[in-house]
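S.K.: below are the sequence and a predicted model; questions follow.
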Amino acid sequence: MIITKNSTTPEALRETFNITQSMFRVAAIQMASGPNVAANLQEAARLIELAAASGARIVALPEYFGIMGMKDTDKVDAREKDGEGPIQSFLSAEAKRHQIWLVGGSVPLDCGSTTKVNNSCLIYDQDGKRVARYDKIHLFGFDMGQERYTEERTIQPGNRVVTVESPYGRIGVSVCYDLRFPELYRAMGEVDLILVPSAFTETTGKAHWDTLVRARAIENLAYVIAPAQGGYHVNGRETHGHTMIVDPWGVVLDRLPRGSGVVVAGVNPTYQAKIRRSLPALTHKTVRSW
């Protein structure tokens with residue numbers, strides 16, 4: 001099932017907000033979140049301010065930006081009801097304060113279970129209004145050496161593909177492990193920007209992160225904004241980082257290997273349109289039974 005938020009076209013939105021087809025800036029934030037929600041939000045606010053000061057119109061936070069607990073069940077304890085709670089209120093207020101589109105990489109939302117949550121990416125417009133919610137569909141499972149992760153124990157998977165029309169183009173929403181499933185992005189249709197807020201482990205990240213992010217950009221001829229957790233966490237986990245913004249040709253425009261910070265890059269719709277005319281792969285897609 002595909003859910004497209006906002007019936008208004010990108011062209012109408014651009015006219016409403018006096019946005020032209022010229023280049024605009026986007027930013028991706030990297031964090032090393034811990035178990036204290038208030039402390040994480042304070043750090044997120046500092047980084048959002050830096051991103052907004054750079055001129056970014058879209059600012060994206062990583063997966064689990066609000067909490068990476070000492071144990072997996074901590075996010076269940078910190079879950080919020082849809083539409084209310086400190087993390088959601090923070091996102092709305094920050095978007096409105098800085099007049100930006102703000103992407104809350106993932107927020108633990110109540111799913112009607114006492115043992116699980118939806119891992120939800122929430123998007124707010126410049127007025128602080130929530131315009132999209134995507135519940136992570138693919139849940140990470142990994143068992144190698146001393147590392148073992150089973151997200152299905154504490155996360156209820158989503159079942160809807162989500163895109164949202166914005167003044168900056170059509171945005172496709174995904175979270176972390178989704179990156180390994182190209183069929184999800186094909187199901188979005190033609191999108192201009194792809195969001196991939198993540199918390200890749202160091203083990204899987206150093207092997208696959210760069211290749212997967214660039215592949216999604218190339219095959220969809222889209223800009224990919226990939227904010228990530230990056231560094232050592234209080235719970236002993238190590239995340240890969242390498243937050244990046246990639247253009248439709250697969251070129252990494254900006255990257256931050258480790259630690260808290262912001263990457264910023266320009267999105268050029270004219271350049272993107274030219275690439276799509278020169279290499280019309282999106283018009284060559286076929287569905288076949290081999």
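M.R.: That came through fine. Residues are numbered from 1 along each chain as shown.

S.K.: mind listing the strands for the stretch 1-150 of the chain?
M.R.: Under the criterion DSSP state E, counting those that start in this stretch, strands of the stretch 1-150 of the chain are mapped to 2-5, 24-30, 56-60, 101-110, 117-124, 130-135, 141-144, 147-150.

S.K.: likewise for the stretch 151-290 of the chain?
M.R.: So, for the stretch 151-290 of the chain - with DSSP E, counting those that start in this stretch - the strands run 161-166, 169-173, 193-195, 223-226, 230-232, 238-240, 243-246, 252-256, 261-267.

S.K.: so what touches the fourth one?
M.R.: Strand 223-226 has contacts (C-beta atoms under 8 Å, 6 or more residues apart in numbering) with 26, 28, 58, 60, 103, 192-198, 213-214, 216-217, 243-248, 267, 272. C-beta: built from backbone N, CA, C; applies to glycine.

S.K.: let's see it at 7 Å
M.R.: Strand 223-226 is contacted by residues 26, 28, 60, 192-196, 198, 213, 216-217, 243-248, 267 when judged by C-beta atoms under 7 Å, 6 or more residues apart in numbering.

S.K.: any quick ChimeraX command for the buried ones out of these?
M.R.: Those of the contacts of strand 223-226 that count as buried under 16 or more other C-beta atoms under 10 Å are selected in ChimeraX with:
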select :26,28,60,192,193,194,195,196,198,213,216,217,243,244,245,246,247,248,267
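
S.K.: point out where the protein drops to low pLDDT.
M.R.: Counting by pLDDT under 70, the chain shows low-confidence ranges at 1-21, 287-290.

S.K.: re the thing from before, nearest to residue 157, of the strands of the stretch 1-150 of the chain?
M.R.: Residue 157 lies closest to strand 130-135 among the strands of the stretch 1-150 of the chain, at 7.2 Å (C-beta to C-beta).

S.K.: could you export that closest one as PDB, CA atoms only?
M.R.: Provided in PDB are the C-alpha atoms of strand 130-135 (Å, rounded to 0.1, in the frame of the first residue of the first chain):
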ATOM      1  CA  ARG A 130       3.300  17.000  10.800                       C
ATOM      2  CA  VAL A 131       2.900  16.100   7.200                       C
ATOM      3  CA  ALA A 132       4.100  12.400   7.100                       C
ATOM      4  CA  ARG A 133       4.600   9.400   9.200                       C
ATOM      5  CA  TYR A 134       6.400   6.300   8.100                       C
ATOM      6  CA  ASP A 135       6.600   3.100  10.200                       C
END
